[in-house]
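Undergrad: What follows is a predicted protein model with its sequence.
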Amino acid sequence: MTNQIDAVVIGAGFAGIYAVHKLRDELGLKVQGFDVAAGPGGTWYWNRYPGARCDIPSVHYSYSFSDEIQREWKWSERYAAQPEILRYLEFAADKLDVRRSFSFNTRVTSVVWNDADSRWTIETDTGKTYTARFVIAAGGNVSIAKSRSEFPGIDQFKGKVLATSNWPHEGFDFAGKRVGVIGTGSTGIQMTPEIARQAKHVTVFQRTPNFAVPLANADISPEEQTYNTENWKQIRDKSRDRFMGVPFESPEPSALAVSSEERRARFDRLWKEGGFRLVVSSYGDILTDERANETVAEYVREKIRERVRDPKVADILCPDDHPYGTKRAAMETDYFDMFNRDNVRLVDIRAAPIEQITETGIRTGGKEHELDVIVLATGFDAITGPLLHLGVVGREGVTLNERWKNGPRSYLGIATAGFPNLFTITGPTSAVTLYNNPLAIEDHVDFASDAIQHVLDHGASTFEADEAAENVWHELVDGLLHLTLFPRANSWYMGANVPGKPRATFMFAGGAPLYRAMVADSVNNGYAGFKIDGASKKALPALIQIDPGVAMVVGAMLMQDTKPLEDCTLDEARAAVESFVMLQKSVPEGVHQVETTYRGAADERRVKIYKPDDVEGPLPVIIFFHGGGFIAGSIDMCAPACAALAKELGVIVVAPSYRLAPEAPFPAATDDTYAAVCWTAENISNHGGNPEQIAVMGDSAGGLLAAVAAQRARDENGPELMAQILLYPAIDAEAKTASRKEFAAGPVLSTAAAQGMLLTYLDDPENAKSPLASPSRASSLKDLPPALILSAECDPLRDEGEDYGRALEAAGTPTQVLRLKGMVHAAYYMSGHVPRVSEFNAAISRFLQPLRNRVAAEA
Ligand code: N01
């Protein structure tokens, strides 16, 4: 008999318990849950090995959706052990009364889509069949253990084989036993010291040495417990805005920017505080910069050498083949000290691999290690394994296994094109691997529940990822991953731990806040990137269109609670713009800098001149006007970018300051910048520059000032300019373009912020009508210097810059317009984090070269 229901939930761990509650009790759906286990608990039901415990602080490793659960449950330890976490999940399941909605001891054997009635058919190993409109795959990420077949002969072993992922409920008495442990991941590192305390002898078979940091577990006092239950909201308040979904201290920007003493002091403190802090709170570049990573990696190695008495053993334990943190960070209690015990031996199976499991033990490098028990702590077919074991068949009979044969494809990690109404909770490419799991799970269950409600409210049948969005998402997630060091390890993060599994992109490496912002961008734009009954919104969420490097910057801004510019006071806005100096590559060597003054329209003003050391002059000159919305920015903020421009193009860069609004409103900035152009033409030969080859350039507000300066030079008999280079310029205060709408909320610059700053400068909005404020309004755009407009694809000001380029071209001014994919406003100042910023200078170089040649030939 087939049971017709609304939704099926597969799995009864953190995700399944919450999903059943949400869909059944809040949406009022008829829901059926399944789990192979005999009760709730998910991973905590199975992984009962000695020492199993969480390594995110318990108070954070719990649900946040229920005030009641949070208040009533008291954790006894800072990091709760498996029995307590299992009791917690049973408590939650009872509190929410979800057990009655689950069939336990039941395995789902297939999940097949039927297009005719837009329903899934779910078969189980009990013989019961169900059909449901929606399927919530909530089976977790590390629930399918790796196969034993990696160990030839294991079935002939006469002793006991134990698997950490399916531990006997009654426990196991290791007393008097000779135990062999294979696996030194989080599990092996947690478990082995516990076994070593009981067993006669333990042999650890280590393939890859692993980094591990003290967990620093401790009891939670009754007073602390009371404090935690009474203040849980406040304690957990910032969790979702932080990289790991735990409100740990924010990292310092770079391990390389501080002295070794300062670095060591920070590492010492975080080492002592324990857990994830060393990786999360030390320095922002340890997961992206090899040299930064090496500082912390060597620190951990030193700690290992300090703790392990035998230097040869310490050597084998010191990780040397992957950067710290690129395999899932492991936490330890007495792990390294354990190797000082007489009953523990380390066997390096990288040097001498396991040849055979024999009847009596394990043979490595021709030597037999006699054992009574073998414990496999060898990990999981992670992330995709639990989904690929469900027998999912989507539209047109395509199986999920076929669709993912080269690696998972997903949109936002929660849905896959061709598999409508299937929600993959914390699925591949979601943030889960680096995000406190209960929160990652709640976010996804909430998403699924809201999406289902949306479908029902609209009388629709299907909700499905759009394949085009999936492709854009995949490119972004892949790009993010490859900006980090994670691909440098053979880890389950990379799919590299299972023989035959494709090495692919399984994880979102940009952190929870960025991921959440991207998902919110989709939801707030009517589920952009999803198809509802086959129809999709055309526009993708702005945030998923951005370049991966830019995404990293945006993610960092989110984690630092950066205020939107439009909400900033003048001082805050100025400080925010000034902080862009830190996002640029450091000033390159071989650029000579001179600071002098020029006569501005009202006063003597600072100007910096950058000249590359190794190029013979007289050199072409670029006058660079910084951005900052006319109210902010300085020649100090743009110094690294100017030096890089001089070096990379072999030109002199002149960066004049100009007066800022509101102290000096329109037309102060244009008067100063035009005065700077005239001053440069008169004086630059004294600095090795060629006055016949002057280009004006600027970004954002500076782009507008450059465009206006080019017009004034034409109209006021000023210097003859070789070119104008406008980077994502502001062009017209009253522009009503599509990009101002599409990217109204940014990223980085919102339309409101851009408009607010421009109006501050204009003082009187009527000034917008002047071509000195809106260069597109000039009576003629003829006879202007050749123009290069570099627009940023994801910028509210994109279209007005491009429109200006087209108008110049139409008027006969030679113009090139180049739109840089995935770039945002202010990207030119992100060179330290966004490799593709190099495309700006490359394009400028290509544009200038023929002009330089022509002017030189004419001379
Ligand atoms: O698995 P792993 P795990 N021959 O894949 C070795 C979560 N977790 O179960 O590195 C010899 O990390 C393998 O060697 P190598 C957490 O997310 C959380 O320890 O591939 N050795 C490695 O040493 C974690 O990341 C907690 O060379 C073989 C080990 O087995 C995830 O679960 C606690 C081998 C596997 O390490 C998985 O951790 C525990 C072979 N054929 C786990 N195959 C918390 O604290 C594998 N190995 C919350």
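TA: Yes, it's here.

Undergrad: can you give me the helices in the stretch 301-450 of the chain?
TA: Under the criterion DSSP state H, counting those that start in this stretch, helices of the stretch 301-450 of the chain are mapped to 311-317, 335-338, 385-388, 400-403, 437-457.

Undergrad: Show me what secondary structure element comes after the lowest-mean-pLDDT helix or strand in the chain.
TA: Ranked by mean pLDDT, DSSP states H and E, the helix or strand of the chain with the weakest confidence is strand 535-536, at a mean of 89. Next along the chain after strand 535-536, taking DSSP states H and E as the criterion, comes helix 548-559.

Undergrad: Mind giving me the packing neighbours of that following helix?
TA: Secondary-structure packing of helix 548-559 (3 or more C-beta pairs under 8 Å, 6 or more residues apart in numbering; DSSP states H and E): helix 467-482, helix 512-524. For the C-beta atoms, the positions are set from N, CA and C on the backbone; glycine is no exception.

Undergrad: Pull out the buried residues from it.
TA: Across helix 548-559, burial judged by 16 or more other C-beta atoms under 10 Å covers Pro548, Gly549, Val550, Ala551, Met552, Val553, Val554, Gly555, Ala556, Met557, Leu558, Met559.

Undergrad: sec struct for Trp679, please.
TA: Applying DSSP: H, G, I helix; E, B strand; the rest coil to Trp679 yields a three-state assignment of helix.

Undergrad: So it is in contact with Thr597, correct?
TA: No. At 9.4 Å, Trp679 and Thr597 do not qualify as touching, with contact defined as C-beta atoms under 8 Å.

Undergrad: Could you tell me which residues touch both of the two?
TA: Residues touching both Trp679 and Thr597 by C-beta atoms under 8 Å, 6 or more residues apart in numbering: Val607.

Undergrad: Give the residue from those two that has the larger number of neighbours.
TA: Residue environment comparison for Trp679 versus Thr597 gives the larger neighbour count to Trp679, 21 against 13, counting by other C-beta atoms under 10 Å.

Undergrad: so what's the more buried one up against?
TA: For Trp679, the contacting residues are Tyr598, Arg599, Val607, Pro656, by C-beta under 8 Å, 6+ apart.

Undergrad: could you flag which of those are buried?
TA: Buried residues within these, defined by neighbour count using 16+ other C-beta under 10 Å: Tyr598, Val607, Pro656.

Undergrad: Sheet partners, orientation included, of the least confident helix or strand of the chain?
TA: According to DSSP bridges, strand 535-536 has the following sheet partners: strand 530-532 (antiparallel).

Undergrad: tell me the mean pLDDT over the strand it pairs with?
TA: If you average the pLDDT over strand 530-532, you get 97.

Undergrad: what does that strand rub up against?
TA: With contacts defined as C-beta under 8 Å, 6+ apart, strand 530-532 is touched by 411, 415, 451, 454-455, 458, 460, 462-466, 469, 522, 536.

Undergrad: Skipping adjacent residues, who's closest to Ser103 in space?
TA: Computed as C-beta to C-beta, 6 or more residues apart in numbering, the closest residue to Ser103 that is not its neighbour in sequence is Phe34, at 5.3 Å.

Undergrad: Just give me the longest strand of this protein.
TA: strand 689-699 (DSSP state E).

Undergrad: So which other helices or strands are in contact with it?
TA: Using 3+ C-beta pairs under 8 Å, 6+ apart as the contact criterion, the elements in contact with strand 689-699 are strand 619-625, helix 668-683, helix 701-715, strand 723-727, helix 838-858.

Undergrad: Got phi/psi on the residue of the stretch 601-750 of the chain found nearest the ligand?
TA: Per C-beta to the nearest ligand atom, the residue of the stretch 601-750 of the chain with the smallest distance to the ligand is Pro747, at 30.7 Å. Main-chain torsions, Pro747, degrees, to the nearest 10: phi -70, psi 160.

Undergrad: can you tell me the distance between the two ends of stretch 611-631?
TA: Taking C-alpha to C-alpha, to the nearest Å, the span from the opening residue of stretch 611-631 to its closing residue is 28 Å.

Undergrad: Distance from it to the middle of the chain?
TA: 34 Å (C-alpha atoms, centre = their mean, to the nearest Å).
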